[in-house]
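Visitor: my questions concern the predicted model and sequence given below.
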Amino acid sequence: MEKRSSSSAAPAIREPGRRTYLMCRPAYYAVEYAINPWMDTSTPVDTARACAQWETLAEVYAELGHEVLRIEPEPGLPDMVYAANGAFVVDGIAYGARFRHAERAPEADAHEKWYRAADWTFVEPEYTNEGEGDFTYLPGRELILAGWGFRTDARAHAEAADVFGRQVVSLRLVDPSYYHLDTALAPLDDERIAYYPEAFAPGSRLLLERLFPDAVIADAEDAAAFGLNFVSDGTHVIVNAEATGMTRKLQDAGYEPVPVDLSELKKGGGSVKCCTAELRR
């Protein structure tokens, strides 16, 4: 494992490694209700275009050498494309989701069936949480970062600590536009993150400053373009094409941005990361 050099611009870990991602084709994608500030039921949605954008994202992962697994979409679940919300997976253990809103609740059952059928160890949650939407893992620190304030019950953080035997750092989200942690913060590699400070309560912001003094800091424009809803393999950062300012910041920090147009899926309040669940063995 390559350690960070004396230059603050050099990422901690350069090896991209092979990742396994779970995705769900947006065959039934639509904006039929509004459960976050990005959703507008009066805005037309082009499902065919959404599927084409999603296929491009899956192809990018494959071209970078990553494995893409698929969970079948189900009728009546238009948000199932946001596969990151279905569970949080570390050490081969899938900690299941329990959705805040009734419109998405059946997605939890669909994901549970998939994980059990694929022989993952599945843990049914007691508390409301929305999977990798509000949890992320930094293997280099053996640290879980967890968001709460809009979708995930803070008690789920203690539950996740028990499930995984890992330290969990609770971070309070305060801006409803960034209702999941993965819209305001993302790992760049096994130790380093990028985040938008204004999405967090003052105490959480201070905690992030202390834990991650070398973080890449996003601004309001980056966050609004879903520039933090990215997926990184430690070298390549697959990022929403609209987030041009964030792309420059990633390049300056020593990473290789790979822009992907997910404008149609952004209408539902999600982008690259929302569509991608990382399965960690």
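Guide: Ah, there it is.

Visitor: residue 250 against residue 257, yeah?
Guide: Yes - at 4.6 Å, residue 250 counts as touching residue 257 under the criterion of Cβ atoms under 8 Å. From N, CA and C alone the C-beta is placed, and that goes for glycine too.

Visitor: between those two, who's got more neighbours?
Guide: Neighbours per residue, other Cβ atoms under 10 Å: of residue 250 and residue 257, the larger number sits with residue 250, 26 against 22.

Visitor: contacting residues for the more buried one?
Guide: By Cβ atoms under 8 Å, 6 or more residues apart in numbering, the contact list for residue 250 reads 188, 194, 216, 237, 239, 256-257.

Visitor: out of those residues, who has the most neighbours?
Guide: Tallying neighbours with other Cβ under 10 Å puts residue 239 at the head of these, with 31 neighbours.

Visitor: would you say that residue is within a strand?
Guide: Yes - inclusion of residue 239 in a strand is indicated when DSSP: H, G, I helix; E, B strand; the rest coil is applied.

Visitor: not counting sequence-adjacent ones, nearest residue to it?
Guide: Nearest residue to residue 239 in three dimensions, chain neighbours excluded: residue 230, at 4.2 Å (Cβ to Cβ, 6 or more residues apart in numbering).

Visitor: quick one: neighbours of residue 276, just the number.
Guide: Counted with other Cβ under 10 Å, residue 276 comes out at 27.

Visitor: right, and residue 89 touches residue 96 too?
Guide: No - using Cβ under 8 Å, residue 89 is not in contact with residue 96; the gap is 10.1 Å.

Visitor: tell me which of those two has more neighbours.
Guide: residue 89 (25 against 20).

Visitor: can you work out which residues contact both of residue 250 and residue 257?
Guide: With Cβ under 8 Å, 6+ apart as the test, residue 250 and residue 257 both reach 237, 239.

Visitor: now stretch 209-216: average pLDDT?
Guide: For stretch 209-216, the mean per-residue pLDDT is 98.
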